[in-house]
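Model the structure of this input:
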Amino acid sequence: MIKVLGIGDNVCDKYLHTKTIYPGGNALNIAVFGKLFGTQAAYLGTFGDDEVGQHVYSVVKELEIDISHCRMEEGENGCARVMLIDGDRVFLKGNRGGISRIKPPVLTKIDEQYISGFDLIHTSIHSFMEQELPKIRQAAGFVSMDFSDRYDEAYLKLCCPHIDCAEISCGDMEEGEIQKTMNQMMEFGCRHMVIATRGSKGAIVMADGKIYEQSPCLVKARDTMGAGDSFIACFLIHYLEGMKSAVDFSSQSGSRGIVTAEEFKDMLIRISLYRAAVFSSKQCQRDGSFGFGKEIELTEEDLRVMNM
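Reported below is the predicted structural model:
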């Protein structure tokens, strides 16, 4: 099984309506979902030393995810304030990544050597790792980056040359506009693939110029937090693991069945999309990104934000 490393953001999603915090964050979520799939999973980022940071840290340790290259800093951990309305998350004012925004990891040669041991490296627009992307690119075999829905052209030009796979959250964006954005990301240097998650409309993937579409496995959602991340993690892990088996048969082998790596890749992408749709639908049946909620007392700032 492949080895997965999330680099960058970890947060607690603070559910104001239930006074409960849940660990999450795009980069950490990919590592956690990787662990759930049985991969050797690790996370490299910055933890704050407040109650939120201590909770995230303790959960990650409990899950036995490698955090040997993480940084521990004095200050607020990343925290996002959330209300849940009819199963859909609504984000309120947070602390913009907390200490991770102020002191993101500056990668050393030792970190780069560590990174080189993983098959999938994942980071995000929320990770504040833009300046470190050239180091990650040099050390890593396959780099994935989630741009959410907050990117602009200048940001894409900065980041795309250093990645193999980009992810975007598209919501109600028209399909024509989605494909235009995908093509743009490839033109700006993304090497292999773009994944567009669309919530209840499913997903679109562009892989080496070919378009694939996947319907969602619709369920009555309890909580959609982490659904997109679970889709991305499931798809990439199964795809990268499967591609290890891709070979071209010799011309003497015949032409029955699948006999080329390209045909195998096409089938693998479709199967991996199916698996991702099923897994992400199950994700919508749990609280938070991956559970581990902890009840807390709301602060005066929490109450103020709730009433804005």
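
pLDDT weak spots in this protein?
87-88 (pLDDT under 70).

All the strands of it, residue numbers only.
3-8, 11-15, 20-24, 40-48, 71-73, 78-85, 88-91, 120-124, 143-146, 165-169, 193-197, 203-207, 210-214, 294-295 (DSSP state E).

list the helices and strands the longest one packs on?
In terms of contacts (3 or more Cβ pairs under 8 Å, 6 or more residues apart in numbering; DSSP states H and E), strand 40-48 is packed against strand 3-8, helix 26-36, helix 51-62, strand 71-73, helix 99-102, helix 109-115. For every residue, glycine as well, the C-beta is placed using N, CA and C.

And those: which comes nearest A246?
With Cβ to Cβ as the measure, strand 3-8 is the member of the helices and strands packed on strand 40-48 nearest A246 (18.7 Å).

Contacts made by the closest one with the rest, please.
Residues from elsewhere that reach strand 3-8 (Cβ atoms under 8 Å, 6 or more residues apart in numbering): 25-31, 34-35, 39-45, 100, 104-105, 115, 117-124, 126-129, 132, 136, 233, 237.

in stretch 212-231, what counts as buried?
212, 214, 216, 221, 223-231 (16 or more other Cβ atoms under 10 Å).

ok, F142 - contacts?
With Cβ under 8 Å, 6+ apart, F142 has these contacts: 119-121, 164-165, 240.

Neighbour count and distance to A277 for those residues - can I get that in CSV?
What follows is the contacts of F142, written out as CSV (neighbours: other Cβ atoms under 10 Å; distance: Cβ to Cβ, whole Å):
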residue, neighbour count, distance to A277
D119, 19, 23
L120, 27, 20
I121, 27, 24
D164, 19, 22
C165, 25, 18
L240, 21, 18
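
Name the residue most distant from the centre of this protein?
Within the chain, the residue lying farthest from the chain centre (Cα atoms, centre = their mean) is Q252, at 42.4 Å.
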